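Novice: just to be clear, the model below is a prediction. Sequence and coordinates:
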Amino acid sequence: MTKKNKKISAAILVIGNEILSGRTVDKNISFLASWLNNNLGIKVSEVRIVPDVESRIVKNVLSLSKNNNYVLTTGGIGPTHDDITSKSISKAFKKKYTYHKEAYAILKNYYGNKNFNDPRKKMAKMPSGSKLIYNPSSAAPGFMIKNVICLPGVPSILKSMINNLKKYLAPGLITHSSTISVETVESNIAKGLEEVQKKHKSFVDIGSYPFFRLGKIGVSIVIRSSNKIRLQSCHKSIIKILKRKKIKIFKGA
């Protein structure tokens, strides 16, 4: 088991022509990234989107699995001809693409003998040796093989399965965050933030995000760190710079 105080990374691989064409707006990336970090301390290092093309899926799964503790894929595990994620991952890891006995039984029970047709049977096929991720919404399970986790693309179904995924993931360092919202433009604070970032380089990440609301131009300064003491120290340093420059800090910062 991976130690809890170790940095653990995950990559997200979104699979589907409908995402690349713009027909479907992806909602899974932000949900998964937030859930992984806030609940398990697993940092998402990279996100890729690929079409329903076997060679592209194989190439990206192998690349991401080598460089991350986990890879989470979304999409392509349904009953239609273009749902090729399971078959592609079987090929990537040189595993037999076959029916998972338990998955087959779950789906047969869900649909009944009469309605359990070949396309629905297909959803029980996956790499041999896969562990199931149970689906309380529509029965068809996701699966995990090696360090790759395959989930459906439908956001509501994916969310319903997420707690059943938790047991397969080793927790890492939770990243804490602090936000300071100010009434200014980024160029006025860029140099000061750079100085603070250099001072806390190995422990803290600082990001600045401009906004325009209620007729006011502002910047949200977001500080992230797994070390609460460093986070607080960085927060105080930025507040001092802002006060020295007489930049208005919104209430709550």
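Specialist: Arrived safely, thanks for sending. Quick caveat: nothing in here was measured; it's all calculated off a predicted structure.

Novice: for stretch 79-95, C-alpha coordinates in CSV please.
Specialist: Taking C-alpha atoms only, stretch 79-95 is exported to CSV below (Å, rounded to 0.1, in the frame of the first residue of the first chain):
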residue,chain,number,x,y,z
PRO,A,79,-22.9,-1.1,-26.0
THR,A,80,-22.4,0.5,-29.4
HIS,A,81,-19.9,-0.1,-32.2
ASP,A,82,-17.8,2.9,-31.4
ASP,A,83,-17.4,1.9,-27.7
ILE,A,84,-13.9,0.5,-28.0
THR,A,85,-12.2,1.5,-24.8
SER,A,86,-12.3,-1.9,-23.1
LYS,A,87,-11.0,-3.7,-26.2
SER,A,88,-8.3,-1.1,-26.7
ILE,A,89,-7.0,-1.3,-23.2
SER,A,90,-7.0,-5.1,-23.5
LYS,A,91,-4.7,-4.7,-26.4
ALA,A,92,-2.5,-2.1,-24.6
PHE,A,93,-1.8,-4.5,-21.8
LYS,A,94,-1.8,-7.7,-23.9
LYS,A,95,-4.8,-9.1,-22.0
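
Novice: avg pLDDT for it?
Specialist: For stretch 79-95, mean pLDDT rounds to 97.

Novice: one more: stretch 244-253?
Specialist: The model assigns stretch 244-253 a mean pLDDT of 81.

Novice: swap in stretch 61-72?
Specialist: The model assigns stretch 61-72 a mean pLDDT of 98.

Novice: which parts of that stretch are buried?
Specialist: 61, 63-65, 68-72 (16 or more other CB atoms under 10 Å). Heads up, the C-betas are built off the backbone N, CA and C, glycines and all.

Novice: pull the number of nearby residues for Phe93.
Specialist: Look at Phe93: counted by other CB atoms under 10 Å, it has 16 neighbours.

Novice: list phi and psi for it.
Specialist: phi -100, psi 10 (degrees, to the nearest 10).

Novice: so what's it up against?
Specialist: Each residue near Phe93 by CB atoms under 8 Å, 6 or more residues apart in numbering is listed here: 127, 145-146, 148.

Novice: rerun that using 7 Å as the cut-off
Specialist: 127, 145-146 (CB atoms under 7 Å, 6 or more residues apart in numbering).

Novice: isn't His200 up against Arg230?
Specialist: Yes. In this structure, His200 is within contact of Arg230 by CB atoms under 7 Å, at 6.0 Å.

Novice: low-confidence ranges, this structure, go.
Specialist: In the predicted model of the chain, residues 1-5, 251-253 satisfy pLDDT under 70.
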